[in-house]
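Asks: got a predicted structure plus its sequence, pasted below:
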Amino acid sequence: MINEILWIVFLAATAVQLIYILFIFSRLAFFKIKNTEKSNLVNPEGVTVIVAAHNEKENLKKLIPILCSQDYPNYDVMVINDRSFDGTRVLLEKMMAQYPQLRTVTVKYTPDHVTSKKYALTLGIKVAKNDVLLLTDADCIPQTDQWIKLMTAPVREEGKTFALGYAPYEKDRGLLNQWIQFETIWTALLYFSFALWKAPFMGVGRNLCYRRGFFMEKKAFKDLWQIDCGDDDLFINKYANGKNTAVVITPDSITLSKPKSTWKNYFTQKKRHFHAGKYYRGKDKQKIGLYTFSHLLFWITGISLLIFLGLAEKWEHFAVILGIITVRSLMLTWVFTSARKKLQGIGKVYWPIFSDVIYLGYFWIIGTLGYRSKTVRWK
């Protein structure tokens, strides 16, 4: 009886997994990168790059020259100095004399009823010069001088409200960095695939474009002020849909960020990310939850059947289960590899099957802690 139940659950979970892999995640794998040479730069609409910075003096030294050397004829850079005490103000004053595109606004305090980053972003966006906003973080570096042109094209030229970009982390040695690389690509695979399925549910503030007019029309982060995170993914989750949202997928449009260097800092960051997920729309939680729950059942029942069948020496049935697991894993590896090539221009991946199993514990443990957490802050 137990064997029969395990078989039924395993086959049902496998069916759900294959549907997601073949009909949703494969959308990114098959995505055709657009020819950006046709982008219209004759009298282009103005763009304001928004960066909220709290004690980011050293990162701003590197970032501002790169932002101010973009190959785009009509833009400015707004750095929001959020309560910094590390010399950021003096640095910005010096750099504004050197770079005419650079502007700044200073946040001296944060009201008790709001979260600091949302408040800082709101003040900066209110005084932004242009309607097209391109957001990134102080520790993120655009990888080409085409970043502004590529990331804003859907909003400027196609009438979209949101453009979602990719923001990976720098590669380094060690197990932590290898895991960060996998988890970052996996997250991107999820939100890009759903957006290509006309069901966007999140984006990352490290590489995100939207219109100031829309932001002000919706009264900034209304109904989100009390949540200690989600200035990017919750804002997208609340207002993005299949008609007003586009994705920008090309290695020339990415921003590269500094990864966490300790497991403690990494888990703190991810708890904050998972915490935001509890506020997603119900339909989005259902779509993501169906995949993650079927993923859990697939491996639990699959491994259980392998053990039971092996002990009973039913090697024909054992081979069937092992074959199904292998086929599903190879399909996921193909999708994952293709997605990484589209996003980063790199195709070879050696560890997705192993990481896919480890992701079970990561998601259910860290995700649960983040979901239940009440103490997540920006800085």
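Replies: Thanks, I have it.
Asks: and Asn55, how far is that from Lys117?
Replies: Taking CB to CB, to the nearest Å as the measure, Asn55 falls 13 Å from Lys117. Every residue, glycine included, has its C-beta placed from N, CA and C.
Asks: looking at the two, which is more packed in?
Replies: A side-by-side neighbour count of Asn55 and Lys117, using other CB atoms under 10 Å, places Lys117 first with 25 against 16.
Asks: let's see the pLDDT reported for the more buried one.
Replies: For Lys117, the pLDDT comes out at 87.
Asks: wasn't it part of a strand?
Replies: No - the assignment for Lys117, made by DSSP: H, G, I helix; E, B strand; the rest coil, is helix rather than a strand.
Asks: so Asp76, which of the three states?
Replies: Of the three states, Asp76 takes strand under three-state DSSP.
Asks: now the strands: where do they sit in the stretch 51-200 of the chain?
Replies: Along the stretch 51-200 of the chain, the stretches classed as strands by DSSP state E, counting those that start in this stretch are 75-82, 102-107, 132-137, 140-142, 162-164.
Asks: turn these into JSON lines, columns for mean neighbour count.
Replies: Below are the strands of the stretch 51-200 of the chain laid out as JSON lines (neighbours: other CB atoms under 10 Å):
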{"stretch": "strand 75-82", "mean neighbour count": "23"}
{"stretch": "strand 102-107", "mean neighbour count": "18"}
{"stretch": "strand 132-137", "mean neighbour count": "25"}
{"stretch": "strand 140-142", "mean neighbour count": "23"}
{"stretch": "strand 162-164", "mean neighbour count": "25"}
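Asks: out of those strands, nearest to Phe30?
Replies: With CB to CB, the closest approach to Phe30 among these belongs to strand 162-164: 17.8 Å.
Asks: checking Lys219 next. Helix, strand or coil?
Replies: Lys219 is classified as coil under three-state DSSP.
Asks: also the one 4 residues further on?
Replies: Assigned by three-state DSSP, the conformation of Asp223 is coil.
Asks: list the contacts of it.
Replies: By CB atoms under 8 Å, 6 or more residues apart in numbering, the contact list for Asp223 reads Lys238.
Asks: quick one: it from Tyr239, how far?
Replies: 11 Å.
Asks: hmm, Leu164 and Leu208 touching each other?
Replies: Yes - with contact defined as CB atoms under 8 Å, Leu208 and Leu164 form a contacting pair (6.6 Å).
Asks: so which of the strands of the stretch 51-200 of the chain comes closest to Asn177?
Replies: With CB to CB, the closest approach to Asn177 among the strands of the stretch 51-200 of the chain belongs to strand 140-142: 16.8 Å.
Asks: quickly run through the sheet partners of that closest one, with directions.
Replies: strand 255-257 (antiparallel) (DSSP bridges).
Asks: now do the strand it pairs with: distance to the chain's middle.
Replies: From the chain centre to the centre of strand 255-257 is a distance of 11 Å (CA atoms, centre = their mean, to the nearest Å).
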